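Student: Turn this into a model:
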Amino acid sequence: MVKILTEKNSVPIKLPSQLKQMLDKGRDNPDGLWGEMAKELHWFEPWKEVYKAEEYPFFKWFVGGKTNLSYNCLDYQVLKKNRGNKPAIIWESELGKTRTLTYEQLLHEVERFAAALKALGVEKGDRVTLYLPMVPEAAIAMLATTRIGAIHSAVFAGFGFKSVADRVADAGSKVLITADVGYRRGEKVDLKGIVDKALELPNEVKKVIVLKRGEVAPPMKASRDIYWDEALEAGKKTTAPVVIMEANEPSFILHTSGTTSKPKGTVQTHGGYQVHIYSMAKWVYGMNENDMWWCLSDIGWIVGHSYVIYAPLLFGCTTIMYEGTPDYPEPDILWRLAEKNKVTRLWMSPTLIRAVMKHGSEWPDKHDLSTVKLVVCAGEVLNPPAWKWLNSSVLKDKVPVIDHMWQTESSGPIVGYPYGIGMIPIKPGSAGLPLPGIMGDVVDREGKSLAPDEEGIFVIKRPFPGLTQKLWGAEAKYVEQYWNQIANYYYTGDAAKKDEDGYIWFIARADEVIKIAGHRVGTVEVESAFIEHPAVAEAAVIGEPDSLRGEVATAFVTLKKGHTPSEELRSELKKTVRNTMGPVIVLGGINFVDKIPKTRSGKIMRRLIKAIITGQPLGDYSTIDDMASIEEIKKSWEKRKKP
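Tutor: Coordinates of the predicted model:
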């Protein structure tokens with residue numbers, strides 16, 4: 001049974017011996033640690049150097065090593081591990097459709113589509129944009145692209161035309177792959193129409209491959225557009241053998257959005273990337289070839305790249321791809337599919353947990369979840385109330401529910417609970433420890449390491465294999481944004497503190513910390529206090545300018561079913577927050593709303609909310625999940641301002 005610590009412990013935590021050894025080695029001999037893990041993967045030729053520091057802040061991993069990400073996911077599994085007949089991908093749809101591809105079938109489809117890309121003129125180093133829903137063809141396109149040494153750039157299929165256009169232009173893609181339609185909550189989404197509008201803006205796209213799913217043929221532009229099946233037919237006379245790649249050659253670009261500037265294209269390689277995501281899957285998730293793995297993410301995000309597609313296939317296990325939302329058409333679809341497929345490990349975002357929590361525990365109680373051995377969460381801080389609901393009400397305290405932290409730029413976990421090495425006590429609200437090989441610390445703006453419970457910035461003191469080596473076409477921005485904020489350290493942009501056991505507690509993005517009368521307060525802490533109240537489903541807290549105190553905490557709150565806004569409830573919530581956090585919290589207002597602005601990946605858009613209430617430009621909010629949530633905030637704020 002995993003130990004849970006909800007209060008400050010009186011004696012230091014004793015780490016499992018294997019974990020301590022690995023943490024020590026990661027600190028004292030990181031090249032040795034990463035080199036050992038890299039040997040567990042296939043290489044056509046070994047590396048000459050594990051790590052090479054170049055002119056600051058640039059670096060390389062496994063220099064001279066020859067590999068291919070797609071080969072290790074498929075050819076190696078079929079030819080060397082005899083897993084050809086094993087299910088590689090199980091696709092499930094909210095519409096009730098399902099499809100299974102074995103490793104051999106997936107390899108065959110990847111070979112065919114790789115030949116199609118070659119026939120269309122795609123060569124090593126060319127960029128290919130993917131604007132696809134969560135269907136097996138998305139995985140096929142990714143793996144086919146990396147197979148031939150081209151570079152894929154996936155764009156979330158919920159983005160609008162301008163977001164697509166920006167990312168296509170930044171990558172300089174010559175081919176774009178899309179579908180005619182996607183499906184969300186039973187409704188069709190016109191993906192092809194969005195692509196057509198995006199390509200009215202400047203771009204270098206020569207061909208658009210369209211996967212036809214709907215009954216009605218989409219508009220097709222002569223000489224540019226070609227159906228998926230037609231592309232396969234064109235590739236029949238072409239072969240697409242695996243292109244052997246040097247470890248530091250790029251495998252994909254994935255854009256992460258700024259608040260006002262254009263999206264940043266993080267770049268991952270064939271070598272370091274797979275070593276990192278493989279290592280972390282083993283250390284944090286305990287992933288193995290026997291897993292029925294379900295990561296509820298999308299290929300438009302880094303989580304979908306790393307832990308829907310690439311890492312599960314590197315291990316030779318079965319990965320589930322799900323097209324849909326977690327509570328449609330019924331609030332128990334998530335739990336029903338977990339039971340149906342006998343899922344062993346489940347990856348969920350805190351936002352997803354809070355979304356299904358609103359429906360109550362009677363829905364998961366209908367299903368047998370006994371095959372689930374681990375649930376992991378990331379994306380935002382897993383608030384203690386949401387953790388408690390999932391851990392106790394749903395999983396009956398029988399399954400570890402662990403938080404962990406990473407970024408698009410890191411490609412995989414950097415802080416977590418090393419379940420696969422040796423489990424440590426869970427502290428709800430903490431993301432865990434900096435993992436082996438990750439030299440993480442909390443420092444001040446001058447780079448000085450801070451004492452326990454002092455708030456500062458979480459940084460990485462040395463590169464690790466999964467850390468992006470550059471931003472596509474933006475070298476100066478890479479240096480300035482990540483390496484010159486705090487000299488000699490990688491700047492995560494996250495405010496945090498560490499405790500006496502070295503656990504990391506993330507507070508907020510560094511520019512989202514609220515300063516009340518000189519006291520720094522993390523938005524996540526205040527939001528967690530609101531969620532302690534049984535009526536609250538979700539809360540977004542921002543700093544509201546105040547002439548006396550500098551800032552006060554203003555909250556936008558959604559309620560669970562069966563609860564309605566009232567002055568009495570508002571007073572109860574104020575009392576709950578004050579009792580939880582003490583008098584340091586000064587609340588500027590509690591605003592009841594039906595929706596909170598969030599990104600498509602579930603992150604609360606606090607900076608957008610603050611811009612609305614302060615009358616500032618909203619900046620780039622193209623990643624927003626529901627545009628109506630902006631009006632919700634505006635109406636609520638206008639209502640509060642009226643005398």
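Student: is it true that Leu254 touches Ser153?
Tutor: Yes. Applying CB atoms under 8 Å as the test, Leu254 and Ser153 come out as touching, 7.1 Å apart. Quick note: C-beta positions are derived from backbone N, CA and C, even for glycine.
Student: and for those two, which residues touch both?
Tutor: Gly265 (CB atoms under 8 Å, 6 or more residues apart in numbering).
Student: So for these two, which residue has more residues nearby?
Tutor: Neighbour count, other CB atoms under 10 Å: between Leu254 and Ser153, Leu254 has more, with 28 against 24.
Student: The host helix or strand of that one pairs with which strands, and in what direction?
Tutor: Of the helices and strands defined by DSSP states H and E, Leu254 is found in strand 250-256. Sheet pairing here is set by DSSP bridges, and for strand 250-256 it gives strand 151-154 (parallel), strand 264-269 (antiparallel).
Student: Export the ones you listed to TSV and append columns for mean pLDDT and distance to Lys373.
Tutor: As requested, those are arranged in TSV below (pLDDT from 0 to 100; distance: least, CB to CB, whole Å):
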stretch	mean pLDDT	distance to Lys373
strand 151-154	98	29
strand 264-269	96	29
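Student: related to what we said a few turns ago, could I have the CA atoms of the strand holding Leu254 written out in PDB?
Tutor: What follows is strand 250-256, C-alpha atoms only, in PDB (Å, rounded to 0.1, in the frame of the first residue of the first chain):
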ATOM      1  CA  PRO A 250      15.100  16.100 -36.000                       C
ATOM      2  CA  SER A 251      12.100  13.800 -35.900                       C
ATOM      3  CA  PHE A 252       9.400  16.400 -35.300                       C
ATOM      4  CA  ILE A 253       8.400  19.900 -34.600                       C
ATOM      5  CA  LEU A 254       5.700  20.700 -32.100                       C
ATOM      6  CA  HIS A 255       4.500  24.200 -31.500                       C
ATOM      7  CA  THR A 256       3.800  25.600 -28.100                       C
END
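Student: Tell me the helix or strand right after the helix or strand of the chain with the lowest mean pLDDT.
Tutor: Least confident element among the helices and strands of the chain, by mean pLDDT, DSSP states H and E: strand 519-521 (a mean of 73). For strand 519-521, the succeeding helix or strand toward the C-terminus, using DSSP H and E, is helix 523-531.
Student: That next one - contacts with which helices or strands?
Tutor: Applying 3 or more CB pairs under 8 Å, 6 or more residues apart in numbering; DSSP states H and E, one finds that helix 523-531 contacts helix 384-388, strand 504-509, strand 536-546, strand 550-559, helix 567-581.
Student: Using the three-state scheme, assign the spatially closest residue to Asp298 that is not a sequence neighbour.
Tutor: Closest residue in space to Asp298, ignoring its immediate chain neighbours: Gly304 at 4.8 Å, by CB to CB, 6 or more residues apart in numbering. Here Gly304 is recorded as helix under DSSP: H, G, I helix; E, B strand; the rest coil.
Student: what's the neighbour count on Gly304?
Tutor: So Gly304, with other CB under 10 Å, has 24 neighbours.
Student: mind listing what it touches?
Tutor: Met134, Ala154, Cys295, Ser297, Asp298.
Student: Phe156 is in contact with the last one, correct?
Tutor: Spelled out, that is Asp298. Yes. The criterion here is CB under 8 Å, and Asp298 meets it with Phe156 at 6.0 Å.
Student: which neighbours do those two share?
Tutor: Arg600, Ser601.
Student: got the contact list for Ile460?
Tutor: Ile460 is in contact with Ile414, Ile438, Met439, Gly440, Leu467, Tyr489, Tyr490, Thr492, counting by CB under 8 Å, 6+ apart.
Student: for those, which one is nearest Tyr503?
Tutor: Checking the contacts of Ile460 against Tyr503 by CB to CB gives Gly440 as the nearest, at 11.4 Å.
Student: Kindly state the beta-bridge partners for that closest one.
Tutor: According to DSSP bridges, beta-bridge pairing links Gly440 with Ile460.
Student: What separation do you get for Leu143 and Gly304?
Tutor: According to CB to CB, to the nearest Å, Leu143 stands 13 Å off from Gly304.
Student: Quick one: the helices in the stretch 351-500 of the chain, in order.
Tutor: 384-388, 475-478 (DSSP state H, counting those that start in this stretch).
Student: which of the contacts of Ile460 has the most neighbours?
Tutor: In terms of neighbours by other CB under 10 Å, these top out with Ile414 at 28 neighbours.
Student: Please name the residues that touch that one.
Tutor: Contacts of Ile414 by CB under 8 Å, 6+ apart are Met405, Trp406, Gln407, Pro434, Leu435, Ile438, Gly440, Ile460, Phe464.
Student: nearest to Ile13, of those residues?
Tutor: Closest to Ile13, out of all of these and judged by CB to CB, is Pro434, at 14.5 Å.
Student: Give me the nearest residue to that closest one, chain neighbours excluded.
Tutor: Counting by CB to CB, 6+ apart, the residue nearest Pro434 is Gly440, at 3.4 Å.
Student: close enough to count as contact, that neighbour and Arg462?
Tutor: No. Using CB under 8 Å, Gly440 is not in contact with Arg462, being 9.7 Å away.
Student: circling back to that earlier point, and the strands paired with strand 250-256 as TSV, adding distance to Thr67?
Tutor: Formatted as TSV, the strands paired with strand 250-256 follow (distance: least, CB to CB, whole Å):
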stretch	distance to Thr67
strand 151-154	15
strand 264-269	9
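Student: Please identify which of the ones you listed is closest to His519.
Tutor: Across the strands paired with strand 250-256, His519 has its closest neighbour in strand 264-269 (32.6 Å, CB to CB).
Student: And the pLDDT at the closest residue to Asp444 other than its chain neighbours?
Tutor: In this structure, Asp444 finds its nearest non-sequential neighbour in Gly456, 5.0 Å apart by CB to CB, 6+ apart. As predicted, Gly456 sits at a pLDDT of 95.
Student: Please give me every residue in contact with Gly456.
Tutor: Val442, Val443, Asp444, Arg445, Leu450, Ala495, Ala496, Lys497.
Student: mind listing the strands for the stretch 51-200 of the chain?
Tutor: For the stretch 51-200 of the chain, the strands defined by DSSP state E, counting those that start in this stretch occupy 59-63, 66-67, 87-93, 98-102, 127-131, 151-154, 175-179, 181-184, 187-190.
Student: Including distance to Ala240, could those go into JSON lines?
Tutor: Listed next are those as JSON lines, based on distance: least, CB to CB, whole Å:
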{"stretch": "strand 59-63", "distance to Ala240": "25"}
{"stretch": "strand 66-67", "distance to Ala240": "17"}
{"stretch": "strand 87-93", "distance to Ala240": "19"}
{"stretch": "strand 98-102", "distance to Ala240": "18"}
{"stretch": "strand 127-131", "distance to Ala240": "13"}
{"stretch": "strand 151-154", "distance to Ala240": "15"}
{"stretch": "strand 175-179", "distance to Ala240": "14"}
{"stretch": "strand 181-184", "distance to Ala240": "27"}
{"stretch": "strand 187-190", "distance to Ala240": "31"}
